[in-house]
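Peer 1: Model the following, please.
(chains A and B)
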Amino acid sequence: KNEVEQSPQNLTAQEGEFITINCSYSVGISALHWLQQHPGGGIVSLFMLSSGKKKHGRLIATINIQEKHSSLHITASHPRDSAVYICAVMVRRSGGSNYKLTFGKGTLLTVNP
Amino acid sequence: ETGVTQSPTHLIKTRGQQVTLRCSSQSGHNTVSWYQQALGQGPQFIFQYYREEENGRGNFPPRFSGLQFPNYSSELNVNALELDDSALYLCASSADLIADTQYFGPGTRLTVL
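Peer 2: Below is the predicted model:
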């Protein structure tokens, strides 16, 4: 079982729909990242969360540390939101000051006009 | 624009060859991490450098090695290339070690024939 699980794997929506992507993790974390990856590879960091909720424009990210679960919401979705959305958790490695990101496999979102 | 650049964009090598991939971080970013992303998968952590010292390593063999330089640039070297090394290689930098926003480069797509 992967340490980070995302659902759904693929999501198709109509323009204007409200979208939710979920992320569950099984390890203790110091922070959780939501990332966006467009075709061709470039990754953009959307949010870094360690508690509560963050909002940026039409994007909202929430995290429940007790339940080890986070959600990314997109309101009024638009075709330009089409991308792969990746959840990644920052995990402290055993001993020392080593931290590493462990990634989910991503959710491919397609928003049709 | 994340301020992180990678070169080359694309690279084709044959099995057994050696390759060096380069990453230039934002000025002041002391931490750089390298990731391998196979097609259809989330990125996998290769290793992290902090102030020119390796600061953590994922499950990759020793033929994957790295360097970080004082000018905020870094290298990923892969010896004895194997077909399975074909992937997108991403570097990400951050100002500090702990749970900081990660700034990703656009990636280098390596194909091993």
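Peer 1: Give me the number of neighbouring residues for the closest residue to residue B:38 other than its chain neighbours.
Peer 2: Excluding the flanking residues, the one nearest residue B:38 by C-beta to C-beta, 6 or more residues apart in numbering or on different chains is residue B:87, at 4.8 Å. Just so you know, the C-beta spots here come from the backbone N, C-alpha and C atoms, and that holds for glycine as well. Look at residue B:87: counted by other C-beta atoms under 10 Å in any protein chain shown, it has 20 neighbours.
Peer 1: Wait, residue B:87 touches residue B:110, no?
Peer 2: Yes: shown here, residue B:87 and residue B:110 form a contact pair, counting by C-beta atoms under 8 Å, at 6.3 Å.
Peer 1: do you know how far residue A:9 is from residue A:85?
Peer 2: Taking C-beta to C-beta, to the nearest Å as the criterion, residue A:9 is separated from residue A:85 by 11 Å.
Peer 1: Near residue 48, how many other residues are there?
Peer 2: Assuming you mean chain A. For residue A:48, the neighbour count with other C-beta under 10 Å is 19.
Peer 1: not quite, I wanted chain B
Peer 2: 26.
Peer 1: Export the lowest-mean-pLDDT helix or strand in chain A to PDB, keeping only CA atoms.
Peer 2: Here the helix or strand of chain A ranked lowest by mean pLDDT, DSSP states H and E is strand A:99-103, holding a mean of 83. The C-alpha trace of strand A:99-103 is given here as PDB (Å, rounded to 0.1, in the frame of the first residue of the first chain):
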ATOM      1  CA  TYR A  99      12.900  15.500   5.300                       C
ATOM      2  CA  LYS A 100      11.600  14.100   2.100                       C
ATOM      3  CA  LEU A 101       8.500  14.500   0.000                       C
ATOM      4  CA  THR A 102       6.500  11.300  -0.700                       C
ATOM      5  CA  PHE A 103       4.100  11.700  -3.600                       C
END
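Peer 1: what's it packed up against?
Peer 2: Using 3 or more C-beta pairs under 8 Å, 6 or more residues apart in numbering or on different chains; DSSP states H and E, the elements in contact with strand A:99-103 are strand A:83-92, strand B:31-37, strand B:44-50.
Peer 1: how about the strands in chain B?
Peer 2: B:5-7, B:10-13, B:19-24, B:31-37, B:44-50, B:53-57, B:64-68, B:73-78, B:87-94, B:103-104, B:108-112 (DSSP state E).
Peer 1: Confidence-wise, which of those is weakest overall?
Peer 2: Ranked by mean pLDDT, the strands of chain B bottom out at strand B:53-57, with a mean of 87.
Peer 1: For it, which residues meet the burial criterion?
Peer 2: Within strand B:53-57, the residues that count as buried by 16 or more other C-beta atoms under 10 Å in any protein chain shown are B:55-57.
Peer 1: Compute the inter-axis angle for it and strand A:83-92.
Peer 2: Here strand B:53-57 points in a direction 110 degrees away from that of strand A:83-92 (axes from the mean of the first three to the mean of the last three C-alpha atoms, to 10 degrees).
Peer 1: Any idea how many residues pack against residue B:84?
Peer 2: Residue B:84 - counted by other C-beta under 10 Å - has 9 other residues nearby.
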